[in-house]
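> Coordinates only, no sequence provided:
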């Protein structure tokens, strides 16, 4: 068992410990087959760049998510009395169109804040359960407590924590019920993890799940300025031709998500390599390479139905500096059903 000095230490040395050294400790304290299965779901923060160097998200969104997670995990004395003692914020929801960087942001915040993270993917984890969904849920929260300070990140949360319906398979309802029971126990737990959900379909989440995560943060398509920032990050290791610059490419990619932009840059570089006669360790990406790449690609579209869903979930349209849900980032294009 790890001692209390190691678990949840805020010392610079422990926050700076390598992922390999932490994994050795977590393997020692992982009890039972389900906790051991979850070791594969621990995010290797050594692979994440510090100071948000590999992502470009508006600063107010980063600040908001940092504040929401950090206060709950780091300020134990402040949450030990008054209204916060019984009503600590233990969860948040990142929502918006696919490809807008929700998972990347969650992992980057964990890295920047010095938190550990268990990333739960419905497809990856629940196929291991073989009908033992409730025991797996219990194991998630047990292991997360041992890894304090820790974020339990549920990707595509609507698939795992969707609305309970009449006639639904009993084991799915039992799994959601167990998740809610474990979540309820976090409000008074000193070693409680923070539950962070990401979803493209927020209205499909069970109402009881939404109530337990009062902070809702919208991540829409990037603006032109944000696209230019994303492109700079993607192309920082490339040599660009005289007529190529991130602002030009940002203007050419209205409505593109971060994932779309990555595909454009990868395709342009691949086209360049294909035009070279031999294997070389250098290349220059020209405007023609990007123009050719753009011919075969369309921006991921957000249907009006989906945009209406985001507005309904977020409530009143507000800017990035406040509110339960904000829609000021992107949202340039939409498509009819």
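In hand now; what should we look at? No experiment lies behind these values; they were computed from the predicted model shown.

> mind showing which ranges of the stretch 101-250 of the chain have poor pLDDT?
The model of the stretch 101-250 of the chain has pLDDT under 70 over residues 124-126, 130, 166-171.

> What segments of it are strands?
With DSSP state E, counting those that start in this stretch, the ranges of strands along the stretch 101-250 of the chain come out as 116-121, 150-155, 194-199, 215-218, 239-240.

> can you tell me how far residue 57 sits from residue 104?
Per CB to CB, to the nearest Å, residue 57 is found 8 Å from residue 104. C-beta here means a position set from N, CA and C on the backbone, and glycine is covered the same way.

> With neighbour numbers in mind, choose between the two.
Ranked by neighbour count (other CB atoms under 10 Å), residue 57 and residue 104 place residue 57 first, with 24 against 18.

> Quick check: which of the strands of the stretch 101-250 of the chain is buried the most?
Stretch with highest mean neighbour count among the strands of the stretch 101-250 of the chain: strand 194-199 (a mean of 27; mean count of other CB atoms under 10 Å).

> Okay, now the sheet partners of that strand, with direction.
Partners of strand 194-199 in the sheet, by DSSP bridges, are strand 91-95 (parallel), strand 150-155 (parallel).

> roughly how far out does the shortest one sit from the chain middle?
Once both centres are worked out by CA atoms, centre = their mean, to the nearest Å, strand 91-95 turns out to sit 9 Å from its chain's centre.

> Please apply the same query to stretch 185-200.
When C-alpha coordinates are averaged (CA atoms, centre = their mean), stretch 185-200 and its chain have centres 14 Å apart.

> Same question for stretch 39-56.
That offset, for stretch 39-56, works out to 11 Å (CA atoms, centre = their mean).

> And the contacts of that stretch?
Stretch 39-56 is touched from outside by 18-20, 23, 26-27, 30, 62, 101, 104-105, 107-108, 110-112, 116-121, 124-125, 147, 153, 222, 226, 229-230, 232-233, 258, with contacts defined as CB atoms under 8 Å, 6 or more residues apart in numbering.

> how long is that stretch from one end to the other?
The first residue of stretch 39-56 is 29 Å away from its last residue (CA to CA, to the nearest Å).

> List the buried residues in that stretch.
Buried residues in stretch 39-56, counted by 16 or more other CB atoms under 10 Å: 41-43, 45, 48, 52, 54-56.

> Then stretch 20-35?
Here stretch 20-35 shows 22, 26, 30, 34-35 as buried, counting by 16+ other CB under 10 Å.

> And the furthest pair within these?
Based on CB to CB, the longest span within those runs between 22 and 34 and measures 19.6 Å.

> follow-up on the earlier one: quick one: the strands paired with strand 194-199 as TSV, columns for distance to residue 275 too.
TSV is the format used below for the strands paired with strand 194-199 (distance: least, CB to CB, whole Å):
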stretch	distance to residue 275
strand 91-95	40
strand 150-155	37
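
> closest to residue 287 out of those strands?
The closest of those to residue 287 is strand 91-95. By CB to CB, the value is 35.0 Å.

> can you point me to the longest helix in the protein?
Longest helix in the chain, counting residues (DSSP state H): helix 258-275.

> contacting residues around that helix?
Here helix 258-275 makes contact (CB under 8 Å, 6+ apart) with 56, 98-101, 104, 222, 227, 230-231, 234-235, 238, 249, 253, 256, 283-286, 289-290, 292-294, 296-297, 299-300.

> which secondary structure elements does the next helix or strand after it contact?
Going down the chain from helix 258-275, the next helix or strand is strand 284-285, by DSSP states H and E. On a contact count with 3 or more CB pairs under 8 Å, 6 or more residues apart in numbering; DSSP states H and E, strand 284-285 meets strand 239-240, helix 258-275.

> Quickly run through the sheet partners of strand 284-285, with directions.
Here, using DSSP bridges, strand 284-285 pairs with strand 239-240 (parallel).

> Can you give the contact residues for the strand it pairs with?
The contact list for strand 239-240 (CB under 8 Å, 6+ apart) reads 282-285.

> Just give me the closest of these to residue 73.
Using CB to CB, those come closest to residue 73 at residue 285, 42.0 Å.
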